[in-house]
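Student: below are the sequence and a predicted model for it; my questions follow.
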Amino acid sequence: MEKILADHGSVSKKIYSRLIFLYPPSFLRKHGAEMLQNFEDLEHDVGSRRFLWAFIISDLIKSLFHEYMEYLKNHPWVSFAIVIVVILGALFTWQVFFLQKAHSTFENYAAFRGCSEITSRTDTDGTCVTGSGQSIKIVKFDNRWFLDGDLPVCAIGFGSTCLINWP
């Protein structure tokens with residue numbers, strides 16, 4: 001395979017030779033040289049580059065999907081790992097959106113903290129009483145609302161600029 005890639009050919013062949021590395025390694029070892037030869041033949045026989053690449057991209061999408069489905073069928077632990085990663089990603093995304101909404105307004109944050117009664121409120125802070133009778137102070141920091149004393153810290157900074165606050 002490396003010898004074939006070392007051959008000088010058209011720019012299209014060089015691009016295609018990089019694209020086929022998207023296939024699973026076992027498939028590429030078995031069919032890589034044949035795929036490159038078929039591409040060269042097709043490139044020579046087809047007059048239009050637009051048609052050539054439309055066909056190649058369409059075929060690439062279909063065959064990559066098919067090959068990875070075969071790969072996953074033969075490697076159940078990989079399938080399990082992918083499902084776990086997708087579930088964790090979905091939970092993380094939901095949590096981020098939920099927290100963004102909670103911190104967006106005083107009322108949302110008071111509800112998030114379980115406040116049953118708002119006792120005072122200004123543009124920058126307020127207090128409320130939770131269902132258990134505890135009085136808490138909520139403050140505005142960087143256009144978001146937080147429990148007083150629980151302000152975010154700079155997780156990633158660049159000089160004196162904070163790029164990412166946590167939480």
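Tutor: Cool, the structure landed. Numbers count the residues shown, from 1 in each chain.

Student: on the three-state scheme, the residue nearest the centre of the chain is what?
Tutor: By C-alpha atoms, centre = their mean, the chain has its centre lying nearest to Gly89, at 8.0 Å. Classification of Gly89 using DSSP: H, G, I helix; E, B strand; the rest coil returns helix.

Student: quick one: pLDDT of it?
Tutor: Per-residue confidence at Gly89 stands at 94 (pLDDT).

Student: end to end, how far does stretch 70-79 reach?
Tutor: 11 Å (C-alpha to C-alpha, to the nearest Å).

Student: ranges for the strands of the chain?
Tutor: 115-121, 125-130, 135-141, 144-147, 153-158, 161-166 (DSSP state E).

Student: name every strand pairing with the first one and say which way it goes.
Tutor: Using DSSP bridges, strand 115-121 pairs in its sheet with strand 125-130 (antiparallel).

Student: what about the partner strand, distance to the chain center?
Tutor: 37 Å (C-alpha atoms, centre = their mean, to the nearest Å).

Student: please save the CA atoms from that strand in PDB.
Tutor: The C-alpha coordinates for strand 125-130 follow below in PDB (Å, rounded to 0.1, in the frame of the first residue of the first chain):
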ATOM      1  CA  ASP A 125     -28.500  40.400  44.000                       C
ATOM      2  CA  GLY A 126     -31.400  39.100  46.000                       C
ATOM      3  CA  THR A 127     -32.400  36.800  48.800                       C
ATOM      4  CA  CYS A 128     -34.900  34.100  49.000                       C
ATOM      5  CA  VAL A 129     -36.100  31.400  51.400                       C
ATOM      6  CA  THR A 130     -35.800  27.700  50.500                       C
END
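
Student: what angle sits between that strand and strand 135-141?
Tutor: Computed by axes from the mean of the first three to the mean of the last three C-alpha atoms, to 10 degrees, the angle separating strand 125-130 from strand 135-141 equals 150 degrees.

Student: list the buried residues in strand 125-130.
Tutor: Gly126, Thr127, Cys128, Val129 (16 or more other C-beta atoms under 10 Å). The C-beta positions use only the backbone N, C-alpha and C, and glycine is treated the same way.

Student: which residues does the third one bridge with?
Tutor: Just to be clear, that refers to Cys128. Assigned bridge partners for Cys128, using DSSP bridges, are Ile118, Ile136.

Student: got the strands of the chain as JSON lines, with distance to Ser12 and mean pLDDT columns?
Tutor: As requested, these are exported to JSON lines (distance: least, C-beta to C-beta, whole Å; pLDDT from 0 to 100):
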{"stretch": "strand 115-121", "distance to Ser12": "64", "mean pLDDT": "93"}
{"stretch": "strand 125-130", "distance to Ser12": "64", "mean pLDDT": "95"}
{"stretch": "strand 135-141", "distance to Ser12": "55", "mean pLDDT": "93"}
{"stretch": "strand 144-147", "distance to Ser12": "51", "mean pLDDT": "91"}
{"stretch": "strand 153-158", "distance to Ser12": "42", "mean pLDDT": "81"}
{"stretch": "strand 161-166", "distance to Ser12": "41", "mean pLDDT": "75"}
